[in-house]
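> sharing a model that was predicted from the sequence below.
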Amino acid sequence: MMTLFSCQQKFQHLELNTTNKYKLTSENDLQDPSYCEAIDLFFEKGIKGTFTGKNKVKIYYKIFEQVASQKCIVISTGRTESAIKYKEMIYDLYKNGYNIYIHDHRGQGYSERMLPDSDMGYIDDFQYYIDDLKTFHNKYVLPKNYTKKYLLAHSMGGAIGITYLEQYPNDFNKAVFSSPMLAFSGYIKPLVNMLISDKPKYALGQKGFHDDEIPFEKNTLTGSQIRYKRAVDIYLKEPKARLGGVTYHWLYASCHQFEYIFDHIQNIKTPSILFSADHETIVNPKGHYNFIKKSKKLNKNFDAFLVKNAQHELYIEKDKQRIAVLNKILDFFAE
């Protein structure tokens with residue numbers, strides 16, 4: 001506990017008493033069916049398609065371009081997530097003048113699955129996530145010659161994004177990481193090493209998609225009831241995009257990726273921000289503190305903010321937390 005407290009001192013407390021200066025969507029807006037319909041119609045107008053990722057896996061993407069803008073944001077989503085979950089986020093960022101690029105990671109969303117059981121969270125090699133992001137960047141973002149390119153990553157997408165910055169330090173001008181997946185509980189790695197086998201299977205306590213069975217009061221993702229309901233409803237309406245629990249293979253690959261990330265921090269050149277939720281239970285926040293501690297020791301330009309009274313999903317949190325996070329992000333990109 002003392003070690004954790006000491007690490008927290010390297011984090012600034014994000015100021016929550018902020019105005020909605022970027023005219024971001026509010027929870028009141030989401031109560032209005034016509035406003036939600038406008039978000040849905042906007043999302044449907046995005047350019048969609050697939051490209052071929054590593055080992056010939058088909059990767060789904062969506063692009064939202066505006067001719068007058070010379071700045072773009074590439075979004076790297078979390079585990080289980082699809083572009084459709086980011087409708088509100090994309091809508092808000094686009095309204096603020098950004099071109100948006102987002103793809104579904106292999107094995108989830110509308111991208112190709114690698115196992116007969118499409119609910120299984122699986123990856124054979126974590127590096128393939130990074131390879132797919134590089135292909136996406138080079139094929140669709142790079143040819144546009146944007147003057148400013150930003151990376152916005154969440155949870156598992158944060159582990160992918162940080163690795164990307166370590167391997168390709170010159171591709172983005174700035175980056176932001178929300179609740180990045182940098183550590184699990186200490187017992188997981190030895191358990192996985194003991195239980196993993198040749199045949200992929202659900203890890204202990206994991207199963208197929210069941211988000212609809214978890215009431216809002218018991219969820220560990222967000223304090224916003226309306227945004228939680230919207231997230232669950234999306235996958236009930238789009239069953240092909242949903243994903244269930246993790247396999248031992250996914251856990252094994254992720255645990256080893258944490259080691260890679262911490263061993264290559266010195267390669268990062270991109271100015272970045274890391275947000276950590278005060279009530280984080282999905283990833284181990286100690287990974288955030290240890291990452292920032294080592295980054296500061298290596299003189300990396302990495303700011304860190306602790307978001308009070310927030311859970312893991314900062315981009316679908318209550319207005320007070322979500323608007324504060326997005327204000328900070330858009331301020332940072334505009335500097």
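Structure's in. What do you need?
> wait, Phe42 sits on Lys95?
No. Counting by Cβ atoms under 8 Å, Phe42 does not reach Lys95; the two are 9.1 Å apart. Using the backbone N, CA and C atoms, a C-beta is placed for each residue, glycine as well.
> where along the stretch 201-335 of the chain do the strands fall?
Along the stretch 201-335 of the chain, counting by DSSP state E, counting those that start in this stretch, strands occupy 272-277, 302-307.
> and the last one, what does it pack against?
Spelled out, that is strand 302-307. Here strand 302-307 is seen to pack against strand 12-13, strand 272-277, helix 286-297, helix 319-334 when contacts are counted using 3 or more Cβ pairs under 8 Å, 6 or more residues apart in numbering; DSSP states H and E.
> so what are the sheet partners of it and their directions?
In the sheet, strand 302-307 lines up against strand 12-13 (parallel), strand 272-277 (parallel) (DSSP bridges).
> and Ile102, helix, strand or coil?
State at Ile102, reduced to three classes by DSSP: H, G, I helix; E, B strand; the rest coil: strand.
> is it true that it touches Ile90?
Yes. Taking contacts as Cβ under 8 Å, Ile102 lies within contact range of Ile90: 6.9 Å.
> what about Arg322, how many residues nearby?
Using other Cβ atoms under 10 Å, Arg322 has 27 neighbouring residues.
> typed the wrong thing, it's Tyr128
20.
> touching, it and Asn55? I think so.
Yes. In terms of Cβ under 8 Å, Tyr128 counts as a neighbour of Asn55; the distance is 7.0 Å.
> worst mean pLDDT among the strands paired with strand 302-307?
In terms of average pLDDT, strand 12-13 trails the rest of the strands paired with strand 302-307, at a mean of 94.
> can you list contacts of that one?
Identification of contacts with strand 12-13 by Cβ atoms under 8 Å, 6 or more residues apart in numbering yields Asp303, Ala304, Phe305, Leu306, Lys308.
> in TSV, list those along with neighbour count.
Putting these into TSV (neighbours: other Cβ atoms under 10 Å) gives the following:
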residue	neighbour count
Asp303	18
Ala304	23
Phe305	17
Leu306	20
Lys308	15
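> shared neighbours, Ile102 and Ile90?
Lys62, Ile75, Ala83.
> pick the one among the residues you listed closest to Pro169.
Distance to Pro169 across the shared contacts of Ile102 and Ile90 (Cβ to Cβ) is lowest for Ile75, with 19.5 Å.
> wait, is the closest one part of a strand?
Yes. Membership of Ile75 in a strand is supported by three-state DSSP.
> got the contact list for it?
So, once contact is read as Cβ under 8 Å, 6+ apart, Ile75 ends up touching Ala83, Tyr86, Met89, Ile90, Ile100, Tyr101, Ile102, Leu152, Ala153, His154, Gly157.
> repeat that for 7 Å
Tyr86, Ile100, Ile102, Leu152 (Cβ atoms under 7 Å, 6 or more residues apart in numbering).
> three-state assignment of the first one?
Spelled out, it's Tyr86. Relying on three-state DSSP, one would call Tyr86 helix.
> next: the last one.
Judged by three-state DSSP, the three-state class of Leu152 is strand.
> all helices of the stretch 1-150 of the chain, in order?
Using DSSP state H, counting those that start in this stretch, the helices of the stretch 1-150 of the chain run over residues 2-8, 33-44, 87-95, 127-136.
> between those helices, which one is nearest to Tyr22?
helix 87-95 (7.3 Å).
> list the buried residues in that closest one.
Neighbour-count burial for helix 87-95 flags Lys87, Glu88, Met89, Ile90, Tyr91, Asp92, Leu93, Tyr94 (criterion: 16 or more other Cβ atoms under 10 Å).
> which of these sits closest to Tyr289?
Checking the buried residues of helix 87-95 against Tyr289 by Cβ to Cβ gives Met89 as the nearest, at 26.0 Å.
> give the contact list for that closest one.
Residues near Met89 by Cβ under 7 Å, 6+ apart: Tyr315.
> so how far is Ser295 from it?
Met89 is 26 Å from Ser295, where distance means Cβ to Cβ, to the nearest Å.
> same check on Lys23?
Counting by Cβ to Cβ - Lys23 and Ser295 are separated by 33 Å.
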